[in-house]
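**Student:** the sequence and its predicted three-dimensional model are supplied below.
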Amino acid sequence: MKPVRITVVRISRYQDLIEKYENPIQHACSMEEGMSFVSHAGEMPSGFCASAWGSILPFVSSLIHEQGDFYEGWMKNPLSAMISCNDGFRPVSFYLETID
């Protein structure tokens with residue numbers, strides 16, 4: 001199995017949606033752009049957001065077995081994926097790639 005590096009590449013924030021729909025919360029996300037994690041054997045890395053893990057897990061599971069080429073040529077690197085978490089107010093975009 002190949003390890004998979006998970007890099008936070010962008011964090012968006014939709015303030016208009018937050019103001020319209022979200023109840024105020026103290027701490028929504030601890031991710032920061034540039035953070036990097038490594039998943040070994042498909043395990044969630046320490047300190048990684050459990051909710052985001054649910055969004056990226058199917059792709060990590062494929063990549064650890066070197067099964068990529070998602071959506072027939074979507075990514076320049078076939079053993080990678082760009083996946084966002086499921087937070088509709090402040091989605092985090094992760095770049096996933098196999099590493100040696």
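**Tutor:** Structure's in. What do you need?
**Student:** so Met82 sits right up against Val92, yeah?
**Tutor:** No. Here Met82 does not reach Val92: they are 11.4 Å apart, not a contact under Cβ atoms under 8 Å. Any C-beta I mention is one placed from the backbone N, CA and C, and that applies to glycine too.
**Student:** comparing these two, which residue is more hemmed in?
**Tutor:** Neighbour totals were compared for Met82 and Val92, and Val92 leads with 24 against 15 (other Cβ atoms under 10 Å).
**Student:** and Lys20, helix, strand or coil?
**Tutor:** Secondary structure state of Lys20, per DSSP: H, G, I helix; E, B strand; the rest coil, is helix.
**Student:** and for it, the neighbour number?
**Tutor:** Lys20 has 9 neighbouring residues, counting by other Cβ under 10 Å.
**Student:** kindly report the same for Glu43.
**Tutor:** Neighbour count for Glu43, taken as other Cβ under 10 Å: 12.
**Student:** distance-wise, check it relative to Gly68.
**Tutor:** Separation of Glu43 from Gly68 (Cβ to Cβ, to the nearest Å): 19 Å.
**Student:** go on, Leu17?
**Tutor:** 32 Å.
**Student:** list the buried residues of stretch 48-56.
**Tutor:** Within stretch 48-56, the residues scored as buried using 16 or more other Cβ atoms under 10 Å are Phe48, Cys49, Ala52, Trp53, Ser55, Ile56.
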